[in-house]
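Trainee: I'd like to go over a predicted model; first the sequence, then the structure.
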Amino acid sequence: MSVAPRQTSGLAVLSLVLGIASWTVLPFVASIVAIITGHMARSEIRRRPAELEGDGLALTGLMLGWLNVIMLGLGLLVIVLFFGGLAWLATLSN
C-alpha cells in the first residue's frame, strides 16, 4: 500500500509570492491579497492535512503582507504628523 505524496497548496505559494511582491512591485494591493490568500491556504491545509502542505509558505506570506501594511500605515502616520507639524509651526509664526 503506497501513500500518495502530499501536494503544496497553491494558495500558500500564491500568498508567499504576493507577500514578496508587496515589498517590491505592488506595495498595498499585493499585501492585502497575500493576507487573504495566506489565511485561506492555512485553513485549507488544516482541513486536509494528509493531502496538503505549505503552512510555512502561507505563514511567511501572511507575515510579509501584514508587515507591509503596518509599515505603510506607519509611513502614512509619519507623513501626516510631519506635514501637520509644519502647518502648526506655520500658524505659530504668523
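Mentor: Arrived safely.

Trainee: for the rest of this, base every contact and every neighbour count on C-alpha atoms.
Mentor: Noted.

Trainee: so where is this structure shaky, pLDDT-wise?
Mentor: Along the chain, segments meeting pLDDT under 70 span 1-2, 94.

Trainee: longest helix anywhere in it?
Mentor: helix 55-92 (DSSP state H).

Trainee: centre of the chain to it, how far?
Mentor: Chain-centre distance of helix 55-92: 14 Å, with C-alpha atoms, centre = their mean, to the nearest Å.

Trainee: mind giving me the packing neighbours of it?
Mentor: helix 10-24, helix 27-47 (3 or more C-alpha pairs under 8 Å, 6 or more residues apart in numbering; DSSP states H and E).

Trainee: ok, then the element right after the longest one?
Mentor: Read it as helix 27-47. strand 52-53 (DSSP states H and E).

Trainee: chain center to that next one: distance?
Mentor: The answer for strand 52-53 is 20 Å, by C-alpha atoms, centre = their mean.

Trainee: could you list the paired strands of it along with their orientation?
Mentor: strand 7-8 (parallel) (DSSP bridges).

Trainee: who touches the strand it pairs with?
Mentor: 51-54 (C-alpha atoms under 8 Å, 6 or more residues apart in numbering).

Trainee: which one of the helices and strands packed on helix 55-92 is the most hemmed in?
Mentor: When you average the neighbours per residue for each of the helices and strands packed on helix 55-92 (mean count of other C-alpha atoms under 10 Å), helix 10-24 leads with a mean of 23.

Trainee: pull the residues that contact stretch 69-89.
Mentor: 28, 31-32.

Trainee: one more: stretch 22-39?
Mentor: 11-12, 14-19, 21, 58-59, 61-66, 68-69, 72.

Trainee: hang on, the earlier thing: want to try CSV for the helices and strands packed on helix 55-92, with distance to Val78 as columns?
Mentor: Listed next are the helices and strands packed on helix 55-92 as CSV, based on distance: least, C-alpha to C-alpha, whole Å:
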stretch, distance to Val78
helix 10-24, 19
helix 27-47, 17
